[in-house]
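> below are the sequence and a predicted model; questions follow.
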Amino acid sequence: MRVIAFFLSFALFLQCAFSDVTLLSMNLAHLKRQGADGYEDWKSLVCSVIKESKADIVLLQEVPIELSKRADTPIFKMPKKDNILDDFSSELGGSWLYFSTAAYAIRKNMEVEGESYVSCDMNQNNAVLYNSRRVLGKDLSKTLGFADFSGDFLFDKNNVQSIEFRVSGNEKSRFVVINVHLPYNNASHRERDLKTLERLFAHFKNREGVIVGGDFNTKRADLSKRNFDGVDGDDGWYFDKNFGLKTTLSAKGEEIAFANDYDHFLFSRKINVKKALVRAFVSGKADKISQWNVAGKSFSSSAQIKKSLSDHIPVLITIDVGSAAFSDLTDILKKTAETFDSAE
């Protein structure tokens, strides 16, 4: 029995150690292009935020990526080799990989069935970075029609991402991450895209866990009124106790002040939140703080952070994707332990 207890305890340890996944979302505000003055310092600070947050998956918005024209179409362009995401990956370490919208974000205004969709320039790309030692990812852009701007899920800029992840070595730990950056200055397009996002969420929610993160450009008060599932009417979306923390930095004053709650994580009932939403390296929920510390640097004003990193403070959430996924491993270890016991 002692052997059985040992093996079951070991299985529980593995579940706790390897099934937690931390996600970070950060709008980079396209602050620096490759080669610009201060780019190397900015790149290093972005990577330090990721490293010190211990994130496994990173959702980025407003990523400036150099592009080249395609000969076959004016609608899409191609990301150049050795772009900013390659720089991030290199600095973070060889296990860090990425997916981006750079190859399929629309670069020309489009009209589809009477609906207009706004294009974007090189500064408005989304990207998802992930540590392949912890999780493995599959880009669903072709399956969903993003890759050629077709199908049922059309958005302004076409820069929404859907990535299916699983914990490395665990086939049963599958979940979908959706990275969004919704329209800022066009309320009617934002409302339309929110309805499309609700349908995209519903597309996955009954099959596997789904978590939506990014810059919604929508306040908690407006999001919480929505069903966030425009298909079957089920209240099929959830938010944690810290939903609605302000994250955008105020342009006024000398202190660090937060202005708007635009950065969120929403999720389905299959997602188990282990650690609630927090602002990176910020304790509590105050709208003002005196200092923000990262990478051995101390920032004391919104202006300093906006000049050095972004006009958004990153947000973090930790989920447990292994509650049931390790049951097979537990069974195997139990049988192994029983074999040892019977041999004694």
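That came through fine.

> next, count neighbours for residue 81.
For residue 81, the tally of surrounding residues (other CB atoms under 10 Å) stands at 8. Every C-beta, even on glycine, is put in place using the N, C-alpha and C of the backbone.

> with the one 5 residues further on instead?
The number of residues packed around residue 86, counting by other CB under 10 Å, is 15.

> so what's it scoring on pLDDT?
pLDDT recorded at residue 86 is 98.

> and residue 331, by the same measure?
So residue 331 comes in at 46 (pLDDT).

> from the chain's centroid, how far away is stretch 270-279?
Centroid separation between stretch 270-279 and its chain, computed with CA atoms, centre = their mean, to the nearest Å, is 13 Å.

> kindly report the same for stretch 102-119.
Its chain's C-alpha centre and that of stretch 102-119 lie 23 Å apart, by CA atoms, centre = their mean.

> buried residues, it. List them.
Within stretch 102-119, the residues scored as buried using 16 or more other CB atoms under 10 Å are 102-107, 110, 117, 119.

> what's the burial count for residue 187?
Residue 187 has 11 nearby residues by other CB under 10 Å.

> may I have the phi/psi pair for it?
Dihedral angles of residue 187 (phi, psi; degrees, to the nearest 10) stand at phi -60, psi -40.

> picking up where we left off before, take the buried residues of stretch 102-119 and lay them out in TSV including pLDDT and secondary structure.
Below are the buried residues of stretch 102-119 laid out as TSV (pLDDT from 0 to 100; DSSP: H, G, I helix; E, B strand; the rest coil):
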residue	pLDDT	secondary structure
102	98	coil
103	97	coil
104	98	coil
105	98	coil
106	98	coil
107	98	coil
110	97	strand
117	98	strand
119	97	coil
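
> would you reformat those residues as TSV and include distance to residue 296?
Output for the buried residues of stretch 102-119, formatted as TSV (distance: CB to CB, whole Å):
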residue	distance to residue 296
102	32
103	36
104	38
105	35
106	41
107	39
110	46
117	43
119	40
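
> just those residues now: which is nearest residue 309?
Comparing the buried residues of stretch 102-119 against residue 309 with CB to CB places residue 102 closest, at 21.5 Å.

> next up, the contacts around the closest residue to the closest one other than its chain neighbours.
Spatial nearest neighbour of residue 102, excluding adjacent residues (CB to CB, 6 or more residues apart in numbering): residue 79 at 3.8 Å. Taking CB atoms under 8 Å, 6 or more residues apart in numbering, we find residue 79 in contact with 65-68, 85, 100, 102-103, 125.

> just among these, which is most surrounded?
Ranked by the number of neighbours (other CB under 10 Å), those place residue 125 first, at 30 neighbours.

> how close does it sit to residue 101?
The gap separating residue 125 from residue 101 is 5 Å, by CB to CB, to the nearest Å.

> follow-up on the earlier one: take the contacts of residue 79 and keep only those in strands.
Using DSSP state E, the subset of those located in strands is 67-68, 100, 125.

> and which of these is nearest to residue 34?
residue 67 (12.0 Å).

> so what sits against both of residue 125 and residue 101?
residue 159.

> A helix includes residue 203, no?
Yes: counting by DSSP: H, G, I helix; E, B strand; the rest coil, residue 203 is located in a helix.

> which residues in the chain form helices?
In the chain, helices defined by DSSP state H lie at 2-19, 39-53, 84-92, 141-144, 187-205, 220-223, 302-308, 327-343, listed in chain order.

> just checking, residue 208 touches residue 269?
No: between residue 208 and residue 269 there is no contact under CB atoms under 8 Å: 11.4 Å.

> more neighbours: which of these two?
residue 208 (17 against 14).

> show me the contacts for that one.
Going by CB under 8 Å, 6+ apart, residue 208 touches 164, 174-176, 270.

> could these be laid out in a markdown table, adding neighbour count and distance to residue 52?
Below are those laid out as a markdown table (neighbours: other CB atoms under 10 Å; distance: CB to CB, whole Å):
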| residue | neighbour count | distance to residue 52 |
| --- | --- | --- |
| 164 | 17 | 27 |
| 174 | 18 | 28 |
| 175 | 23 | 24 |
| 176 | 24 | 27 |
| 270 | 21 | 29 |
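
> pick out the lowest-pLDDT one from those.
Among the contacts of residue 208, residue 270 has the lowest pLDDT, at 86.

> I figured that one hits residue 176, correct?
No: using CB under 8 Å, residue 270 is not in contact with residue 176; the gap is 9.9 Å.

> which neighbours do these two have in common?
In contact with both residue 270 and residue 176: 208-210, using CB under 8 Å, 6+ apart.
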